[in-house]
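Undergrad: Need the 3D shape of this:
(chains A and B)
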Amino acid sequence: MLKNYFKIALRNLSKQKLYSFINVFGLAIGMAFSILVILFVFDELRYDHFHENKEDIYRVYRQPTSSSSPIDLELATPLPTGQAMKDDFPEVEEFARLTPFGGFVIQKDGELIQQSGFAYGDPSVLEMFTFPTLYGDPSSALNNPSSIVITEEIAEKYFGSSNALGEILSIRLNNEFQNFEVTAVLKDIPQNSSIQFNLLFSTQTIFNNFERYASMTERWDASSTVTFVKLLEGTEIELVRAKLSGFMEKYQSAMFDQMREQGRIETGETPFIYQLQPLLDVHLNPDIPGSFTSPSDPRYSLILAAIATAVLLIACFNFMILAIGRSSKRIKEVGLRKVIGAHRSQLMLQFWGEALIITFLAFLAGFVLAEFSLPIFNELSGKELSMLSLFSNSKVVAGLIGIFLFTSLVAGSYPALFLANFRPIESLKQKINLRSSGRFTKGLIVTQFGLTIFLIASTFIMTEQLQFMQEKNLGFSGQQMVVIPTNGLDGQRVMEIYQNEFNSNPNVINVSGANVSFATGLWRRGYRYEGEIHQAAVFRVAPNYIETMEMNLVSGRNFDPLLASDSTQSIIVNQTFLENHNLNLSAVGQSFPIDWGWMVDPIIIGVVEDFNYQSLENEVAPVMIYMNPRDPILNLMVRIRPEQMQETIAEFENTWTSITNEVPFEYSFLDDDMNNLYAEQDRWSRIISYSSFLAILIACLGLFGLAGLVAVQRQKEIGIRKVLGATTSGITVMLSSGFAKLVLLALIISSPVAWYVMNNWLKDFAYRIEISAWIFILSGLIALGIALLTVSYQSVKAAVQDPVNNLRSE
Amino acid sequence: MIKLTNIDKYLDKKFQRTFILKDINLELEQGEFASIMGPSGAGKSTLLNILGFLDDANSGEYHFFDEPVHNLSEKQKSQYHKSHIGFVFQAYHLIDELTVYENIEMPLLYRKVKGSERKGMVAEILDRFNMVAKKDLFPHQLSGGQQQLVGVARALIGSPKLILADEPTGNLHSDQAAEIMELFQSLNKEGVTIVQVTHSEKMASYGNRIIKMQDGMLLENFPHMAD
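TA: Coordinates of the predicted model:
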């Protein structure tokens, strides 16, 4: 029996080559997409799962206790945090500090190599975490400050083999090359680890070499390290969390008292605690920044899964639409089989079996497609996924089988549930009223094109918003603006050296500096104004900052380097600052009542037009710009001319190396930094645009097939019409207009949905475009245009046929 | 073998009841070769369908080998299809995707006959119909008469007690039609009961009984008209 079903299925497949191709190819695309999404989502969910103690490890971070707290969420903790937690909480079994530590120069056979990927960690790190070890004893590898742990990649790079145990690496720390013995070689850290490093120093090494760290080992007022703790197995985390407030009062009372004194927090308020974040939450919680890698937003996994489902559904609908289109033929078979004695359930089995066979072929093709498109997908998603990982886990295999069964079930549902139900005499005489299924077909097509138009419109809206963000006047100019972080050097001194060196250089317009550049971080300070606690973004700048950044002064004056009071008692604020404090331009020249100790009641000397120092997702906050030397210069901001940019930057590097060869020269362009803020959005807009392309491709394939079937079914009608004088163009229009109506209906249905969803997406942005009607009109026109183009081939083909041929067969 | 008592078949439309069959009383003995004749719309095919359990009467009783068909469940009717009744259609109704061999074999599959046994049965019938050489051809490669031969072979493979044929020769030219009718005759002689619907007196003359119908009613019965 099965053999018989199988034969019929295969012969149907090979006989109807076009329809088989449309079905298999469409489903294969849907499958391939689903496979990639499974890989993606699984990779996301399996982050950090390779650690044996994954359930018990927590990352410590500084969490503000309320939204009005003047303290920001921060990942860095004071150096003694871990030890104190271990001492005070019996539930804390062990702690480990593990922090990325930039790059250093390694000397190898007389050659100097700039090596990145360093981190430092306590000796307990390699026991707490389970990084697969190739050589050496992880439990003791970091006991000695002259030890270093490296990954396989580094071992191969410097020693030519992965077994580098006992080898010596010469690394320049503190201006001298020091020898470190390799005490363990780890396998390369898996890509789905939120902790990434290539070379691991012992914490003690850092203390021995960097005075700054050594001085902070017992200090609670400076945060510099990422702390992890491991709780005793099975500990209720809430028990520990309940004690965190008291813990803070014990160790941070000095800071809290000071803040209360300054009026920055209310009496009795605890402004922040050191909160515990589960290790498994680290990658998937975008609200807490990453220490080694950026966390990702799980919403995007959901969106991706939704898109893949949509594409797969569109392909399933093709299957159903074409099955309906050909059903008149199958109905006869159904009737016959029933007369001969087939039961309804046997027919359902047969039809679902056929769907299963086609789906299986599509599944195989989908694998091949997925394999081929994996590099593109990896680039789009920023991952290193591999098809092999599909089979490494039973859950993924279950997911694949699930997709396979789901697809065959949905695709085969129409013939199985609808066709198998007909009564035999009706089906043999073909008295079946197909009008109801016609409505069903139309519903499927409308759904397909509704989804497609939704994706096209979303692509447009995302692209437009991205373009808007990249082209919006930000209130400053990021072009030809080079940002050079001073990376721990004395910024004031470096800036002065650069100013001396380049002030007369024709390719350099201005050398300035600030505590913080844009897009990379933000300094905020709290103060009390009219009884309420406020926060402002603060920029400690060099005198020529405003003109270097090409900001617009709307009132008052700029800083005057010759006026001593400007460097201590003057501030320039932005327009939002005035608005937030109900001030107007008459405040210029007045003092503003704040008391930070080192700056008391400064004078507002000028007002600058609002500028977007952050991503446009965020609204501009009140800004204070001042020159007070209490805060350091940490970034040089250099405006250069577009001519000979490469040469100019090479000169910057030369100057840098003349100052230090301990810290590598780094630079970026400010406009690149700003654009990088939208990398995630950019990635998603590209993924959506690929998806909409696939969706419209599959939908049109189905339409092409259906138009062909309709044309064949209406052959006789077309023949009669032509005999009675209809023109070819008239018949083409007649055949095509039915489809056009469906696409228009899809447009009407999906536009409001797309508007609603995309409007929600846009709400993430403080500065956003208005969704205009033309986006939907254009999306509809594109869908309509492609659909008509697809259909017209079949329509024209049918319309130009000689009517005699079509009528004679009757 | 078959006993129809007061069979009515009608369509209800609002206030009007249209009878397709009205008060049919008919008995058929085993071994009969009956032809139902009458003008278009007389209810011939409906009667045949009711005889073959493909359609239900609205009222009346139908006994098949003393079994009350009007009380049978779908499943039991399906059992009877498989074991007692073979159908032959005017349009042959072969499955285009299956070869001659596979078309003939299909009823056995639904009857769950074992593979080896099946092979033997199909081979036997192919042999009998002189179609061994054509067993791997597809229906569209055959002439109409040959297709109908396959149709008859398929109806016969389950050794049914009753063959119902709805204008079996309607699409055939006279030589082919005669061939099918002669086949029916010889089957009938072997004891198979045959009921056919036909427009042609000539085709009816192959049988031994003519049932005339008009407007849903039996006009006259001519039992055992010729031998």
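
Undergrad: For the most centrally placed residue in chain B, which residues count as its bridge partners?
TA: Chain B has B:L164 as the residue nearest its centroid, 1.2 Å off, counting by C-alpha atoms, centre = their mean. Counting by DSSP bridges, B:L164 is bridged to B:F87, B:V195.

Undergrad: May I ask which helix or strand encompasses the residue positioned nearest the centre of chain A?
TA: For chain A, the residue nearest the mean C-alpha position is A:E680 (4.1 Å; C-alpha atoms, centre = their mean). In this assignment (DSSP states H and E), A:E680 forms part of helix A:679-713.

Undergrad: Now that helix: buried residues?
TA: If you call a residue buried by 16 or more other C-beta atoms under 10 Å in any protein chain shown, then helix A:679-713 has these buried ones: A:680-682, A:684-692, A:694-711. For every residue, glycine as well, the C-beta is placed using N, CA and C.

Undergrad: what about the helices in the stretch 451-600 of chain A?
TA: Assigned by DSSP state H, counting those that start in this stretch, the stretch 451-600 of chain A shows helices spanning A:491-502, A:545-548, A:566-569, A:575-580.

Undergrad: Include distance to chain B, mean neighbour count and mean pLDDT when you put these into CSV, please.
TA: Formatted as CSV, those follow (distance: least, C-beta to the nearest C-beta, whole Å; neighbours: other C-beta atoms under 10 Å in any protein chain shown; pLDDT from 0 to 100):
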stretch, distance to chain B, mean neighbour count, mean pLDDT
helix A:491-502, 81, 18, 92
helix A:545-548, 79, 20, 94
helix A:566-569, 91, 18, 89
helix A:575-580, 74, 18, 94
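
Undergrad: possible to save those helices as TSV with distance to A:F776?
TA: Converted to TSV, those look like this (distance: least, C-beta to C-beta, whole Å):
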stretch	distance to A:F776
helix A:491-502	51
helix A:545-548	43
helix A:566-569	54
helix A:575-580	34
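
Undergrad: Quick check: residues of chain B near chain A?
TA: Residues of chain B found near chain A (C-beta under 8 Å from any C-beta of the partner chain) are B:49, B:52, B:54-55, B:75, B:78-79, B:81-82, B:87, B:89, B:93, B:95, B:97-98, B:102, B:105-107, B:109-112, B:154.

Undergrad: Selection in PyMOL covering whichever of these are buried, please.
TA: Selection of buried members from these for PyMOL, criterion 16+ other C-beta under 10 Å:
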select buried, chain B and resi 49+52+54+55+78+81+82+87+89+93+95+97+98+102+105+106+107+109+110+111+154
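
Undergrad: Show me the residues of chain B next to chain A that map onto helices.
TA: For the residues of chain B next to chain A, the ones inside helices are B:49, B:75, B:78-79, B:81-82, B:102, B:105-107, B:109-110, B:154, with DSSP state H as the criterion.

Undergrad: Could I get the pLDDT score of the residue nearest to the centre of chain A?
TA: A:E680 carries a pLDDT value of 79.

Undergrad: now swap in A:L724 and tell me
TA: A:L724 is given a pLDDT of 78.

Undergrad: What distance do you get for it to chain B?
TA: Using C-beta to the nearest C-beta, to the nearest Å, A:L724 is found at 29 Å from chain B.

Undergrad: Report how many residues lie close to that residue.
TA: 8 (other C-beta atoms under 10 Å in any protein chain shown).

Undergrad: State the number of residues packed around A:D802.
TA: With other C-beta under 10 Å as criterion, A:D802 counts 10.

Undergrad: Then A:E371?
TA: For A:E371, the count of nearby residues is 14 (other C-beta under 10 Å).

Undergrad: what sits against the closest residue to it other than its chain neighbours?
TA: Nearest residue to A:E371, sequence neighbours excluded (C-beta to C-beta, 6 or more residues apart in numbering or on different chains): A:M387, at 5.5 Å. By C-beta atoms under 8 Å, 6 or more residues apart in numbering or on different chains, the contact list for A:M387 reads A:35, A:39, A:367, A:370-371, A:374.

Undergrad: Next, find the distance separating A:M387 from chain B.
TA: Applying C-beta to the nearest C-beta, the value for A:M387 to chain B is 36 Å.

Undergrad: Give me the pLDDT for that residue.
TA: On the pLDDT scale, A:M387 is placed at 84.

Undergrad: How about A:N661?
TA: A:N661 carries a pLDDT score of 68 in this model.

Undergrad: can you count the residues close to the residue in chain A that chain B sits nearest to?
TA: Chain A approaches chain B most closely through A:G341 (3.7 Å), counting by C-beta to the nearest C-beta. Look at A:G341: counted by other C-beta under 10 Å, it has 22 neighbours.

Undergrad: Kindly report the same for the one 5 residues further on.
TA: Look at A:Q346: counted by other C-beta under 10 Å, it has 17 neighbours.

Undergrad: Figure out the helix or strand that it lives in.
TA: Assessed by DSSP H and E, A:Q346 sits inside helix A:344-381.

Undergrad: immediately after that helix, which helix or strand?
TA: Later in the chain than helix A:344-381, the nearest helix or strand by DSSP H and E is helix A:394-417.

Undergrad: Can that following helix be said to contact chain B?
TA: No - for a cut-off given as C-beta under 8 Å from any C-beta, helix A:394-417 has no contacts with chain B; the smallest distance is 14.6 Å.

Undergrad: And that helix, what does it pack against?
TA: Here helix A:394-417 touches helix A:17-45, helix A:298-325, helix A:344-381, going by 3 or more C-beta pairs under 8 Å, 6 or more residues apart in numbering or on different chains; DSSP states H and E.

Undergrad: ranges for the strands of the stretch 1-150 of chain A?
TA: A:57-64, A:92-100, A:104-108, A:111-115, A:118-121, A:133-136, A:147-151 (DSSP state E, counting those that start in this stretch).

Undergrad: who does the fourth one touch, helix- and strand-wise?
TA: The reference is to strand A:111-115. Packing partners of strand A:111-115 (3+ C-beta pairs under 8 Å, 6+ apart): strand A:104-108.

Undergrad: what's in contact with the strand it packs on?
TA: Under the contact criterion C-beta under 8 Å, 6+ apart, strand A:104-108 has outside partners A:112-115, A:118, A:158, A:169-173, A:177, A:661, A:664.

Undergrad: Which of the helices of the stretch 451-600 of chain A sits closest to B:F138?
TA: Across the helices of the stretch 451-600 of chain A, B:F138 has its closest neighbour in helix A:575-580 (80.7 Å, C-beta to C-beta).

Undergrad: quick one, domains of chain A?
TA: Taking automatic domain parsing as the domain assignment, the ranges for chain A are A:2-42+A:298-467+A:679-808, A:57-282, A:488-665.

Undergrad: re the thing from before, touching chain B at all, the helix holding A:E680?
TA: No - using C-beta under 8 Å from any C-beta, helix A:679-713 stays clear of chain B, coming no nearer than 15.5 Å.

Undergrad: who are the neighbours in contact with residue 93?
TA: In the absence of a named chain, this looks at chain A. For A:E93, the contacting residues are A:56, A:86, A:230-232, by C-beta under 8 Å, 6+ apart.

Undergrad: Chain B was what I was after
TA: A:332, A:335-336, A:428, B:151.

Undergrad: now those residues as JSON lines including distance to A:V638, pLDDT and neighbour count?
TA: Supplementary listing: the contacts of B:H93 in JSON lines, determined by distance: C-beta to C-beta, whole Å; pLDDT from 0 to 100; neighbours: other C-beta atoms under 10 Å in any protein chain shown:
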{"residue": "A:K332", "distance to A:V638": "81", "pLDDT": "79", "neighbour count": "21"}
{"residue": "A:G335", "distance to A:V638": "83", "pLDDT": "82", "neighbour count": "24"}
{"residue": "A:L336", "distance to A:V638": "84", "pLDDT": "83", "neighbour count": "23"}
{"residue": "A:L428", "distance to A:V638": "86", "pLDDT": "69", "neighbour count": "24"}
{"residue": "B:G151", "distance to A:V638": "92", "pLDDT": "91", "neighbour count": "26"}
